[in-house]
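Enquirer: Model the following, please.
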Amino acid sequence: MSYQAEYSEHGKAVYMGKDLTEVRSPQRKLMPDTVGLEQHEQTSLRGIAPRAQTCKDHRFRDLYRCLDGPLLHRCGRDLNKRAASGVDDVTGQAYEQDLTANIESLAERLKTKRYRAKRVRRGYIPKENGGERPLGIPALEDQWVQLACAKLLGAIYEQDFLPVSYGYRPGRGAKDAVGDLGFNLQYGKIGHGVEADIKGFFDTIDHDWRLEMLSLRIDDRAFLNLIRKWLKAGILDTDGQVLHPVTGTPQGGIVSPIRANVYLHYALDLWFERRVKPRCGGQVILIRYADDFVCAFQYPHDAERFYRVLPKRLHKFGLQVAPEKTRILRFSRFHPGLPRRFAFLGFELYWRLDWRGELRVMKRTARKKLQSAKRRMKEWIRANRHLRGRQFVLELNRKLVGHYNDFGLRSNEQSLNSFYTGTIQCAFKWLNRRGGKRSSFNWAQFSAALEKLKVALPRTTERRREPVAFV
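Expert: Numbers count the residues shown, from 1 in each chain. So this is what the prediction gives:
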């Protein structure tokens, strides 16, 4: 029986009853299993994670009650106060001028159900391919409440998410996904992969499916209605037009990443783990970062079958693969004549002989990504060359360390050094032109100043990986 047989099921009610989690979902109406203080502790931010970890079929009630003043105050410490303002034009600095009163007012409106979600202001940021990416900017108080909801959802779903998911999760990132993929390619027998990307993922998420998925773990109508408010609030475009999309979620919303992960947890991750894996004849892995993922197989017929079925699976949830970014690839040390490299999440993976003459999976920053990073650094240096020495180096180090944290994998030292060298040469050029002067200092003087001010040097930050148990 192939895993395509799953599509014989009809309708969301039947599908939600069993297929998403492989077990029957609990009845919607349940008698309270706890009362008073014990029930409040289970649905407090502190008690949610242990309960979610030990009881995988538990549906949380009274989450909405957790959106109180203390939680909102804690969320305020994590908000970016310098972020662009939404349709209310209220900045973080202005809101904090009377923070206690504002938080108390917000908490009271939540408690009495008088809170109203505002429209999302849409902006656009340039993409590396020359296009523009739409970005949703919620109003400040909406950001505050969304962050509180994201913390509650994270406490639940971080216990459910599978290790194959790397995007928008604490302590995980693109670098970890690429490192684990390279580790599996190096020490496993997998060599037939399907590299996939979901077309317009954030714009095509089905609202009904999303709420159905959340209801598998949440039995709180007020909390789900709050999420529904954000979905229905509307988008104020740059031309003044108000849009009310029936699908999708604005990129930029604080709660959007966790909701997107929940969506793909049920639509892809669990399906792959419980339907695809058992029907494969050899080793198989899934590495997913948000809507970008790679599935690798030991045998070619498993990869080809997955490639055929994947579009049907995603279509059931209103999603489509991006044809130009989805392909079957061969990448194996057992077949030297095959293509020796491919790109994933801003890295390029390739085979190379080590000093012992053995083939090793190496990782380096993809050429376009490295060029883009150098260009952005050049623009920043040119715009900030007026800063005083120590302040300039302080800000520069933040940029450098951020790049090292994103791309600091072992075997990527050459790309890291190239980025550092390009940065230093650019800084030497533009700092020498401050005040309309040229050649204010020579290279030896500049190098001595860099050493004294402790400019961050290239470094790798890759974690140690243990041997894996393949399926």
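Enquirer: Make sure residue 184 is indeed in a strand.
Expert: No. Applying DSSP: H, G, I helix; E, B strand; the rest coil, one finds residue 184 to be helix, outside a strand.
Enquirer: give me the number of residues near it?
Expert: Here the count is done by other Cβ atoms under 10 Å, and residue 184 has 21 residues near it. For glycine as for every other residue, the C-beta is placed from the backbone atoms N, C-alpha and C.
Enquirer: Start at 112, not 1
Expert: OK, 112 is where the count begins now, so the last one is residue 295.
Enquirer: Phi first, then psi, for the spatially closest residue to it that is not a sequence neighbour.
Expert: In space, and not counting its chain neighbours, residue 295 is closest to residue 396: 5.2 Å by Cβ to Cβ, 6 or more residues apart in numbering. Dihedral pair for residue 396: phi -140, psi 160, per degrees, to the nearest 10.
Enquirer: Quick check, pLDDT for residue 396.
Expert: Looking at residue 396, its pLDDT is 94.
Enquirer: Then residue 423?
Expert: Reported pLDDT for residue 423: 95.
Enquirer: Show me what the host helix or strand of it is packed against.
Expert: Per DSSP states H and E: residue 423 is located in helix 411-426. Helices and strands touching helix 411-426, as assessed by 3 or more Cβ pairs under 8 Å, 6 or more residues apart in numbering; DSSP states H and E, comprise strand 303-308, strand 403-408, strand 438-441.
Enquirer: can you do 10 Å?
Expert: For helix 411-426, the packing partners by 3 or more Cβ pairs under 10 Å, 6 or more residues apart in numbering; DSSP states H and E come out as strand 303-308, helix 381-382, strand 395-400, strand 403-408, strand 438-441.
Enquirer: Out of these, which gets nearest to residue 553?
Expert: Across those, residue 553 has its closest neighbour in strand 395-400 (44.8 Å, Cβ to Cβ).
Enquirer: Which elements pack onto the closest one?
Expert: helix 285-298, strand 303-308, strand 403-408, helix 411-426.
Enquirer: Just name the most buried of the ones you listed.
Expert: Comparing the helices and strands packed on strand 395-400 on average neighbours per residue, with mean count of other Cβ atoms under 10 Å, the densest one is strand 403-408 at a mean of 24.
Enquirer: Give me the average confidence score over that one.
Expert: Strand 403-408 comes out at a mean pLDDT of 94.
Enquirer: cool, stretch 260-277 as well?
Expert: Averaging pLDDT along stretch 260-277 gives 95.
Enquirer: who's in contact with residue 307?
Expert: Listed by Cβ atoms under 10 Å, 6 or more residues apart in numbering, the contact set of residue 307 reads 379, 399, 402-406, 417-418, 421-422, 425, 432-433, 436-439.
Enquirer: Now residue 356. Nearest residue, chain neighbours left out?
Expert: Using Cβ to Cβ, 6+ apart, the closest residue to residue 356 is residue 346 (6.9 Å).
Enquirer: and that neighbour, how many residues sit next to it?
Expert: For residue 346, the neighbour count with other Cβ under 10 Å is 19.
Enquirer: swap in residue 512?
Expert: With other Cβ under 10 Å as criterion, residue 512 counts 14.
Enquirer: where does the stretch 312-461 of the chain have low pLDDT?
Expert: By pLDDT under 70, the weakly predicted segments of the stretch 312-461 of the chain are 444-450.
Enquirer: Which parts of it are strands?
Expert: With DSSP state E, counting those that start in this stretch as the criterion, the stretch 312-461 of the chain has strands at 346-347, 353-354, 395-400, 403-408, 438-441, 452-455, 458-464.
Enquirer: Make a markdown table out of the ones you listed and add distance to residue 285.
Expert: As requested, the strands of the stretch 312-461 of the chain are exported to a markdown table (distance: least, Cβ to Cβ, whole Å):
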| stretch | distance to residue 285 |
| --- | --- |
| strand 346-347 | 28 |
| strand 353-354 | 30 |
| strand 395-400 | 5 |
| strand 403-408 | 9 |
| strand 438-441 | 19 |
| strand 452-455 | 9 |
| strand 458-464 | 8 |
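Enquirer: circling back: please tell me how far the residue nearest to residue 295 sits from residue 409.
Expert: Note on residue 396: its distance to residue 409, by Cβ to Cβ, to the nearest Å, is 10 Å.
Enquirer: again with residue 567
Expert: The spacing between residue 567 and residue 409, counted by Cβ to Cβ, is 42 Å.
Enquirer: And the protein, what are its domain boundaries?
Expert: The record assigns the chain these domain ranges, following automatic domain parsing: 134-270+318-357, 376-476, 478-564.
Enquirer: what's the closest of those to residue 298?
Expert: Closest to residue 298 of the domains of the chain, according to Cβ to Cβ: domain 376-476, at 9.2 Å.
Enquirer: Now do the end-to-end distance for the closest one.
Expert: The stretch domain 376-476 measures 28 Å between its terminal residues, going by Cα to Cα, to the nearest Å.
Enquirer: Test my guess that residue 189 contacts residue 262.
Expert: Yes. Under the criterion of Cβ atoms under 10 Å, residue 189 makes contact with residue 262 at 8.6 Å.
Enquirer: more neighbours, these two?
Expert: Each of residue 189 and residue 262 has its neighbours counted (other Cβ under 10 Å); residue 262 has more, 20 against 11.
Enquirer: was I right about that one contacting residue 182?
Expert: Yes. Between residue 262 and residue 182 a contact is recorded at 7.3 Å, counting by Cβ under 10 Å.
Enquirer: Now for the two: what residues contact both?
Expert: residue 156.
Enquirer: just to revisit the earlier point, for the residue nearest to residue 356, give me its contacts.
Expert: Contacts here follow Cβ under 10 Å, 6+ apart; on that basis residue 346 touches 198, 230-233, 245, 247-248, 352-356, 359, 361.
Enquirer: Let's see that with 8 Å instead.
Expert: For residue 346, the contacting residues are 230, 231, 232, 233, 247, 353, 354, 355, 356, 361, by Cβ atoms under 8 Å, 6 or more residues apart in numbering.
Enquirer: any idea how far it is from residue 355?
Expert: Counting by Cβ to Cβ, the separation of residue 346 from residue 355 is 8 Å.
Enquirer: returning to that earlier point: what's the closest of the domains of the chain to residue 367?
Expert: domain 134-270+318-357 (7.7 Å).
Enquirer: and the helix or strand in which residue 512 is found, what does it pack onto?
Expert: Per DSSP H and E: residue 512 is located in helix 500-518. For helix 500-518, the elements it packs on are helix 285-298, helix 478-495, helix 524-542, helix 554-564, judged by 3+ Cβ pairs under 8 Å, 6+ apart.
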